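Asker: output the structure for:
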Amino acid sequence: MLNLIPVDNRNLLNQPVPENQMIAAIDIGTNSLHIVIVKIEAALPSFTIIAREKETVRLGDRNLMTGDLKPEVMSKAIACLGRFKTLAESLGTNSIVAVATSAVRESPNGKEFLHQIETEVGLIVDLISGPEEARRIYLGVLSGMEFNNKPHIIIDIGGGSTELILGDSEEPRSLTSTKIGAVRLTGELIASDPISETEFKYLQAYARGMLERSVEEVQGKLKIGDSPQLIGTSGTIETIATIHAREKLGLAPSTLNGYQFSLQDLRTWVNRLRKMTNVERAAIAGMPEKRSEVILAGAVILQEAMTLLGVESLTVCERSLREGVIVDWMLTHGFIDNRLRFQSSIRERSVLKTAKKYQTNLEHSQRVTAFALDIFDQTKGQLHYWNADQRQLLWAAAILHNCGHYVGHSSHHKHSYYLIRNSELLGYNETEIEIIANIARYHRKSPPKKKHDSYRNLLHKEHRTMVNQLSAILRLAVALDRRQIGAISYIKCDYIPNFKEFKMSIFPSTIDDECSLELWSLDYKKGVFEEEFGLRFVATLMNTAHFI
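Answerer: Predicted coordinates:
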């Protein structure tokens, strides 16, 4: 099993690390060159993506006789890397970490190419192995998705290789890399346009045969009772998700993170793509430039992998190798002392990062959050039957409910909705982000109404009910910290079903504080709570005797 922190770098963990460093990660892939520039936030620990760039270079289009990288392609790549470096320096990056994968790894002149990059661009590039590439992909995915310690299989289809990874939020159980990719198989196995029946059948058989060993290794590491989720990353899979979404929904989602499609959906698209010419594929809505040339081979690799694994659906993750390079850098430089801690708090870190970004009064938000969760817990099974998942959404909404003040005080609840809705809340899918944004939006002023655009975005009745009830709870929680000074120490809730009465006993933080503003605010806000749950709300400040 691979160590998450290289042995020769462990001494770095005891050294002080500066705040808010800017780091750039460059991935020199078989199909494309990518750069991502991030700001490290050591206190969380987390990172914010500042910029991304991509250029299709096709290093995998090698000399068929010698296997060498072609001079003209190397020149194009070097020019691209020069632009990437200039961009990184213009944004004030402290470090640039670059890695090269299968095309450079397998080329006889690959190391010569890396030396040329160092000489002409001044950039040192790490040539990483297939398993090391898989390990960093795993770290990247863990930085963007929540798995709750459940087993998951990650598939990353690159231009020259395909990585299959089995993990469970702790150590990766299996890291495999197979020498098949969208660019490689297109160049080696497809000569007709559209593809002939003979070539198509051979493409399928070849992909399946090459993947069998990796799939067997992954399946051999599964434990009895495991039912792993399949996560897909990289250009091929993101393209399939985009064209599927555009046809199914009429538009591409704002984020592909968490987007799902089935094996049957994929088979339908493979059958359609195989009958098209390259020109016809290029005209598909959502098809990126030059991706049409290699999408069929990539889609076939994915189809055969899913079939061999026996899985019926795939969930997309937008983070992969580049983000994994960043996480690996953070690990080796002491920003993350334990990757399990890093993984287990993805949602929390993402929400807190957003709160920090919009200069939220976090002390106030945390008190409001504590009250909201306390009311939620004390009323569960009596007023509502939501579970831990909905409790977590309430937590996020409570932390972020006031972020709209960043735009302005007037209608700040509406601004909160917009900011949350358009923030990159990692670990959440589109629907969950919409719910969080709506709960925050309705912490004050008008209750949810069908005429509101934000509320209409909730397509399911269950989600609307969730927003109705959790936002009503949040309103009371906000009232309990009306002066934002922590005047109330704790509360006790009692529901009397026979009388449809909800009693809240309020215990002040100091004996002589009458909490008049908090009581007034509760009285002002209780109407929405009363109407939503069909009861009468009574708040009582406990006197000195009770307090003692």
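
Asker: what's the neighbour count on K503?
Answerer: 15 (other C-beta atoms under 10 Å). Bear in mind the C-beta positions are built from the backbone N, C-alpha and C, glycine included.

Asker: dihedrals phi and psi, it?
Answerer: The phi and psi values for K503, taken as degrees, to the nearest 10, are phi -110, psi 130.

Asker: which residues touch it?
Answerer: For K503, the residues meeting the contact criterion (C-beta atoms under 8 Å, 6 or more residues apart in numbering) are 493-496, 538-540.

Asker: next SSE after whichever strand or helix holds K414?
Answerer: Using DSSP states H and E, K414 maps to helix 412-421. Counting by DSSP H and E, the next helix or strand C-terminal to helix 412-421 is helix 430-441.

Asker: hmm, who's touching that following helix?
Answerer: For helix 430-441, using C-beta under 8 Å, 6+ apart, the contacting residues are 253-255, 258-259, 393-394, 396-398, 400-401, 403-404, 413-414, 416-418, 420-421, 423, 425, 428, 448, 454-455, 457-458, 463, 466-467, 470-471, 474.

Asker: tell me, please, the helix or strand in the protein that averages the lowest pLDDT.
Answerer: Lowest by mean pLDDT, DSSP states H and E among the helices and strands of the chain is helix 544-547, with a mean of 44.

Asker: going along the chain, name the strands of this structure.
Answerer: 22-28, 32-41, 46-56, 95-100, 125-127, 152-157, 162-167, 174-178, 229-233, 260-262, 313-316, 488-496, 501-508, 536-541 (DSSP state E).

Asker: hey, least reliable of those strands by pLDDT?
Answerer: Here the lowest mean pLDDT among the strands of the chain goes to strand 125-127, at a mean of 86.

Asker: now that one: buried residues?
Answerer: 125, 127 (16 or more other C-beta atoms under 10 Å).

Asker: partner strands of that strand, with direction?
Answerer: strand 95-100 (parallel) (DSSP bridges).

Asker: adding distance to F529 and neighbour count, write the contacts of K503 out as CSV.
Answerer: Listed next are the contacts of K503 as CSV, based on distance: C-beta to C-beta, whole Å; neighbours: other C-beta atoms under 10 Å:
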residue, distance to F529, neighbour count
C493, 11, 16
D494, 15, 13
Y495, 12, 17
I496, 15, 13
V538, 12, 14
A539, 11, 20
T540, 16, 12
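
Asker: not counting stretch 202-222 itself, show me its contacts.
Answerer: For stretch 202-222, the surrounding residues in contact (C-beta under 8 Å, 6+ apart) are 151, 153, 162, 164-166, 173-174, 176-180, 185, 189-190, 195, 228, 296-297, 300-301, 303-305, 307-309.

Asker: okay, now the nearest residue to M306 once chain neighbours are set aside: neighbour count?
Answerer: Leaving aside its sequence neighbours, M306 sits nearest to L263 (C-beta to C-beta, 6 or more residues apart in numbering; 4.9 Å). By other C-beta under 10 Å, the residues close to L263 number 18.

Asker: likewise for the one 10 residues further on?
Answerer: If you count neighbours by other C-beta under 10 Å, L273 ends up with 23.

Asker: isn't R349 right up against L44?
Answerer: Yes - if you go by C-beta atoms under 8 Å, R349 and L44 touch, sitting 4.8 Å apart.

Asker: now the spatially most central residue of the chain: closest residue in space that isn't a chain neighbour?
Answerer: Compute the mean C-alpha point of the chain, and by C-alpha atoms, centre = their mean the closest residue is G144, 3.3 Å away. With C-beta to C-beta, 6+ apart as the criterion, G144 has its nearest non-adjacent residue at 3.6 Å, and that residue is R319.

Asker: right, I'll call it a day here.
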